[in-house]
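Engineer: Okay, structure incoming, though there's no sequence with it:
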């Protein structure tokens, strides 16, 4: 197990489908696909998702793209393989993985929030650029930037056939370029007594200008794209990079 990985993505990864159900991702997956298609200067067929987690986005996007899914958590990859057996899965770190081939599109969703230094963010963006074919589109979707983050509390969870999860996410004020979220998990297996676990997740916060600058540094044409998800009280932004076309 990679060192420092949150327990949610490690020893608790098998609970992911009841923590966060694939059906909940239909809206956002649709937003990503429409944004990628709108930016593309040519038809797109293949997509690489870095930090693909349990494959919830992929479960909606695989009807549109041939997907290759990369994550550094073996437990989350196992969950995704069950959900998306037709997709290619690769164990790798978005900062360093090199597959030796290119794709029409690259997506990094909220897993990129776990990069807490500008050097790590630069490395992940460079990975995306290295895997883009000419005219390809990279889409980066942080939950927040320095300008949009506000501490907030969220809750959720689901019931499955023989288990259930409820969770609380408690966001704390930022500390420089990072912020801490306390997660509380209440898990019940069958008719047994609930088990309560908690942990802190530390995530990165970077200004809008930093995102655009690092995408440009990676040799891509950078832009900000409206992210109008119904979960947000106000519209946010995704960040995109388009690789130069051949010739």
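Structural biologist: Structure received. Just so you know, these numbers come straight off a predicted model, no measurement behind them.
Engineer: rest of the way, CA atoms for contacts and neighbours
Structural biologist: Noted.
Engineer: tell me, which strand in the protein spans the most residues?
Structural biologist: Counting by DSSP state E, the longest strand found in the chain is strand 178-189.
Engineer: Strands along this protein, start to end?
Structural biologist: Going by DSSP E, the chain shows strands at 46-50, 66-71, 88-91, 103-108, 132-140, 153-156, 163-171, 178-189, 195-204, 221-227, 236-242.
Engineer: Of all the residues in the third one, which ones are buried?
Structural biologist: Yep, that's strand 88-91 we're talking about. Neighbour-count burial for strand 88-91, counted by 16 or more other C-alpha atoms under 10 Å, picks out 89-90.
Engineer: what helices or strands is that strand leaning on?
Structural biologist: strand 66-71, helix 74-83 (3 or more C-alpha pairs under 8 Å, 6 or more residues apart in numbering; DSSP states H and E).
Engineer: now do 6 Å
Structural biologist: Packing contacts for strand 88-91, counted by 3 or more C-alpha pairs under 6 Å, 6 or more residues apart in numbering; DSSP states H and E, involve strand 66-71.
Engineer: returning to what we had before: so for residue 120, which of the strands of the chain sits nearest?
Structural biologist: Closest of these to residue 120 is strand 195-204, at 10.0 Å (criterion: C-alpha to C-alpha).
Engineer: For the longest strand of the chain, give the mean pLDDT please.
Structural biologist: On average, the pLDDT along strand 178-189 is 97.
Engineer: neighbours around the nearest residue to residue 189 once chain neighbours are set aside, how many?
Structural biologist: Spatial nearest neighbour of residue 189, excluding adjacent residues (C-alpha to C-alpha, 6 or more residues apart in numbering): residue 163 at 4.4 Å. Here the count is done by other C-alpha atoms under 10 Å, and residue 163 has 16 residues near it.
Engineer: One more: the one 4 residues further on?
Structural biologist: Neighbours of residue 167 under the rule other C-alpha under 10 Å: 20.
Engineer: can you pull the contacts of it?
Structural biologist: 155-157, 184-185 (C-alpha atoms under 6 Å, 6 or more residues apart in numbering).
Engineer: Which strand residues bridge it?
Structural biologist: Legend: beta-bridge partners of residue 167 under DSSP bridges are residue 156, residue 185.
Engineer: Report the separation between it and residue 134.
Structural biologist: Noted for residue 167: a distance of 42 Å to residue 134, by C-alpha to C-alpha, to the nearest Å.
Engineer: do the same with residue 34
Structural biologist: 19 Å.
Engineer: Neighbour count: these two, which is higher?
Structural biologist: residue 134 (17 against 12).
Engineer: Just checking the distance from stretch 98-106 to the centre of its chain.
Structural biologist: The chain centroid and the centroid of stretch 98-106 are separated by 17 Å under C-alpha atoms, centre = their mean, to the nearest Å.
Engineer: Any idea how far apart the tips of it sit?
Structural biologist: End-to-end distance for stretch 98-106: 13 Å, by C-alpha to C-alpha.
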